[in-house]
Each structure stands twice: as C-alpha cells, then as structure tokens.
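Trainee: sequence-free structure coming up:
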C-alpha cells in the first residue's frame, strides 16, 4: 500500500483559544486482491486468481454469460479516515472476439459478497448499487479504464465490511449474435487485468494530522 501525504487542512477549532485540529490528505493505492478476483460463468463455473472476464461464450443453448469480480482489501484505511475520493482504475487487456457487439457496455455492480472471493452465489446476487453512468468501458481499447466509486467505498467503510467488491457485467446481451449465434467469433470476452499494478483503487482520504 502506498500512502502519500498531500496537504494540510485546518479543521474547526473550539472556543477558549484552543489549538485548531489539523487534518491531512493522503492518497492510498490499494491493489486488487488477485486471489479473491476473477470471473463467474452463468453455468456455475468460477475462476479465482485470474483476470476479470466479461462477455459471452458458446453453449448448447446458444451462449453463456461471463461476469468479472474485483475485490479490494480496505484494512489499510484508518478507521478515523474520511473518504474524499475513490477511483477504480483497471487495465483492459486484449479482447477475444467482439464482446462489445454482444454486451453493449461493461457496467459495475457494487456488491457485498455472499461468499469470500469468487463464488457463484454472486453471479446474480442483489447489488448494493448499480453504476451505469458512466459505464466502466464501452469499447475494446486497451487502456486504463476508470470509474468514480467514492460513495461506494465510503459506504463499505461505514458498514465495516473490510473490503470493496465489484461485479463487472455486460449492460445488455444481444442473443442474436452471442455465443453460437456468432459464427465468426463465438467467444466474445472483454478482459480486465489483475496482475500487480494493473487494477487498483486510488483513494484520497482525510485523517487527523499527527502532532509534530
């Protein structure tokens, strides 16, 4: 975890001439927990310690949907910290086939995992929030995709969940061109990378400054 002190902010002082409480902003970079991240298939298959895949694959019935899971450990954030901002930053890798023709956009569900890590229980679990505007990604460009998740990380801290967990999924599946209905690219998957430094939460916090 990397924490950088950025600035000092004067807090409100009480009466009686006491010293005002000082606060400082810090930027904390939380790496994705790769061992607790990966993807889930609609048929029940799960894969932890993997990249997050989103899209469709062929099946006897036509296609199966794939959804990604990204998990972040919040234990490095002090309990007395105020979340100023939080941004999900994930590197999109090389796509297989044409996933965005099938899913439209990749959107993010903020979830409270029903089981640790990647578990089929979370394929359709009720989200705490659905982030559609803006989407995480709407094209296959291999670049860092970013999403503001400030309110979601703050909610996790307030609820003492100990982690922030996000489900990546297609906004809408086009059954006419997904899976076996796509004769050119039956496998259509967007890929979000989870090796060291590839996916992180960049969080700015405000904490009481230590006395010098």
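Mentor: Ah, there it is. Just so we're clear, the structure is a prediction, and the values are computed from it rather than from any experiment.

Trainee: pull the longest helix from this protein.
Mentor: Ordering each helix of the chain by length in residues (DSSP state H) puts helix 150-158 first.

Trainee: now what about it, what contacts it?
Mentor: Residues outside helix 150-158 that contact it (C-beta atoms under 8 Å, 6 or more residues apart in numbering) are 74, 77, 81, 83-87, 110, 128-129, 131, 162-164, 166, 201, 203. The C-beta positions use only the backbone N, C-alpha and C, and glycine is treated the same way.

Trainee: name the helices or strands packed onto the helix or strand following it?
Mentor: Downstream of helix 150-158, the first helix or strand assigned by DSSP states H and E is strand 163-170. Helices and strands touching strand 163-170, by 3 or more C-beta pairs under 8 Å, 6 or more residues apart in numbering; DSSP states H and E, are strand 52-59, strand 62-73, helix 99-103, strand 106-111, helix 150-158.

Trainee: at 6 Å instead, please
Mentor: Using 3 or more C-beta pairs under 6 Å, 6 or more residues apart in numbering; DSSP states H and E, the elements in contact with strand 163-170 are strand 52-59, strand 62-73, strand 106-111.

Trainee: residue 178: neighbouring residues, count only.
Mentor: Neighbourhood size, residue 178 [other C-beta atoms under 10 Å]: 27.

Trainee: just checking, it touches residue 102?
Mentor: Yes. Using C-beta atoms under 6 Å, residue 178 is in contact with residue 102, at 4.6 Å.

Trainee: overlap in contacts of those two?
Mentor: Both residue 178 and residue 102 are in contact with residue 56, where contact means C-beta atoms under 6 Å, 6 or more residues apart in numbering.

Trainee: what is the neighbour count of the residue nearest to residue 69 when sequence neighbours are not counted?
Mentor: The spatially closest residue to residue 69, leaving aside those adjacent along the chain, is residue 118, at 4.8 Å (C-beta to C-beta, 6 or more residues apart in numbering). When neighbours are defined as other C-beta under 10 Å, residue 118 has 26 of them.

Trainee: against residue 98, how distant is residue 113?
Mentor: The gap separating residue 113 from residue 98 is 30 Å, by C-beta to C-beta, to the nearest Å.

Trainee: what do you get for residue 79?
Mentor: Distance from residue 79 to residue 98, by C-beta to C-beta: 46 Å.

Trainee: and those two? which has more neighbours close in?
Mentor: Each of residue 79 and residue 98 has its neighbours counted (other C-beta under 10 Å); residue 98 has more, 18 against 7.

Trainee: that one: what's it in contact with?
Mentor: Each residue near residue 98 by C-beta under 6 Å, 6+ apart is listed here: 185, 188.

Trainee: gap between it and residue 175?
Mentor: From residue 98 to residue 175 the distance is 15 Å (C-beta to C-beta).

Trainee: name the residue closest to the centre of this structure, please.
Mentor: residue 166 (4.3 Å; C-alpha atoms, centre = their mean).

Trainee: residues in contact with that residue?
Mentor: Going by C-beta under 6 Å, 6+ apart, residue 166 touches 70, 108.

Trainee: go with 7 Å
Mentor: Residue 166 sits next to 70, 88, 108, 109, 110 when contact means C-beta atoms under 7 Å, 6 or more residues apart in numbering.

Trainee: what about these, which one has the most neighbours?
Mentor: residue 70 (27 neighbours).

Trainee: of the contacts of residue 166, which pair is most distant in space?
Mentor: Maximum pairwise distance in these, criterion C-beta to C-beta, is 12.2 Å, between 88 and 109.
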